[in-house]
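from the sequence below, what's the structure:
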Amino acid sequence: MNFLWPEFLWLLLALPLLALLYLWLLRRKKKLALRYASLSIVKEAMGAGQTMRRHIPPLLFLLALAAMLLAAARPHAVVTLPSNQQTIILAMDVSGSMRATDVQPNRLVAAQNAAKSFLAELPRHVKVGIVAFAGSAQVAQLPTTNREDLVTAIDRFQLQRATATGNAIVISLATLFPDAGIDLQSLQTGRERQRGFAIDAEKKEKKEFTPVAPGSYSSAAIIMLTDGQRTTGVDPLEAAKMAADRGVRVYTVGIGTVDGETIGFEGWSMRVRLDEETLKAIANKTSADYFYAGTANDLKKVYETLSSRLTVEKKETEISALFALAAAVLALLSAGLSLLWFNRIL
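Just a heads-up that it's a prediction; the model follows:
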């Protein structure tokens, strides 16, 4: 725990002095009571329980003062809070290799089922968008809170050839920032590649763009699932840099064969290999995480983990209010017990 105003902690040294003052007053009171010949009768009437009770309200009041002083020092601590995540983009691979059955019943169906379970676990206020990618990438569903529309978009996936992981990230960013002028075509042709966006000079002036710290944009995130390596389109690491410059985390999920395997179906075959190195690099560059799912159950667990990570977050927060609340409760409890037992406040 850290304190914004630690100098106030010196005031805690006054608490032992108050305790000593309380003990001194008790001794002084006891000496005065010795003047009465019937002191033993008074003690017998009070009993041991009553003697202990008299110390509880002052102790509670002392604890209340301690909590007040700690609150005045403005403590900060890392606490778990509901996330500010408002939009999540699911970028899902629909290349032909997703038909492989090494993940039962096949990779595509397993991915679809896991995505639907993920949607069911998310809070209803979180918007979700769907981007499907193979040789190209397109928005299957704009960000919405309507889970039925999202499920329908997932069920409409059509398998295609090739894999453009970089395009998936760029389209996801363009969906998150529709007014930023992010243009996939200009990236593919090499125009304005360094800046990561293209603006029609005849229609609007070029917007200034200032990169931010990777992972600092807490209002959105991208989850990209793929079973292969990039075969076309934008360099995925270049696209990851665009996401990192905008503070957007890109969580990557790998499914299928890591070592490489020849998959055949419908009279043709293809060699596929999961490019874990690139997926890990994308996640690292954007301050996110990479997950591998070798089975349908693994994939479901990955999405459950992502759901918990994206709906809550640990952050350093000022907790002065908690100490102030504790101080108020202790002070009220001290006064209440004193009134109940002794008909006086302390």
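
now do the strands in this structure.
2-3, 75-82, 87-93, 127-133, 137-144, 220-226, 249-255, 261-265, 268-272, 290-293, 312-318 (DSSP state E).

how much space separates T257 from Q229?
Separation of T257 from Q229 (C-beta to C-beta, to the nearest Å) stands at 11 Å. Just so you know, the C-beta spots here come from the backbone N, C-alpha and C atoms, and that holds for glycine as well.

quick one, longest helix in this protein?
Criterion DSSP state H: the longest helix present in the chain is helix 320-342.

pLDDT of that one, averaged?
Average pLDDT, helix 320-342: 88.

residues contacting Y292?
V253, G254, I255, V258, L274, E276, D298 (C-beta atoms under 8 Å, 6 or more residues apart in numbering).

quick one: pLDDT of the nearest residue to the first one once chain neighbours are set aside?
On the basis of C-beta to C-beta, 6 or more residues apart in numbering, the spatially nearest residue to V253 that is not a chain neighbour turns out to be L225, at 4.3 Å. With respect to pLDDT, L225 scores 96.

count the residues that sit near N2.
Using other C-beta atoms under 10 Å, N2 is surrounded by 12 other residues.

scratch that, G135
Neighbours of G135 under the rule other C-beta under 10 Å: 16.

would you mind measuring from it to I89?
Going from G135 to I89 by C-beta to C-beta gives 19 Å.

kindly report the same for A240.
14 Å.

a markdown table please, covering the contacts of Y292 and showing neighbour count, distance to A71 and pLDDT.
Output for the contacts of Y292, formatted as a markdown table (neighbours: other C-beta atoms under 10 Å; distance: C-beta to C-beta, whole Å; pLDDT from 0 to 100):
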| residue | neighbour count | distance to A71 | pLDDT |
| --- | --- | --- | --- |
| V253 | 27 | 43 | 95 |
| G254 | 25 | 47 | 93 |
| I255 | 29 | 50 | 90 |
| V258 | 12 | 53 | 72 |
| L274 | 22 | 52 | 81 |
| E276 | 14 | 49 | 91 |
| D298 | 16 | 46 | 88 |
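
can you tell me which of those comes closest to A324?
V253 (43.4 Å; C-beta to C-beta).

separation between the closest one and T317?
Separation of V253 from T317 (C-beta to C-beta) stands at 30 Å.

now swap in A137 and tell me
Relative to T317, and taking C-beta to C-beta, A137 is found at 37 Å.
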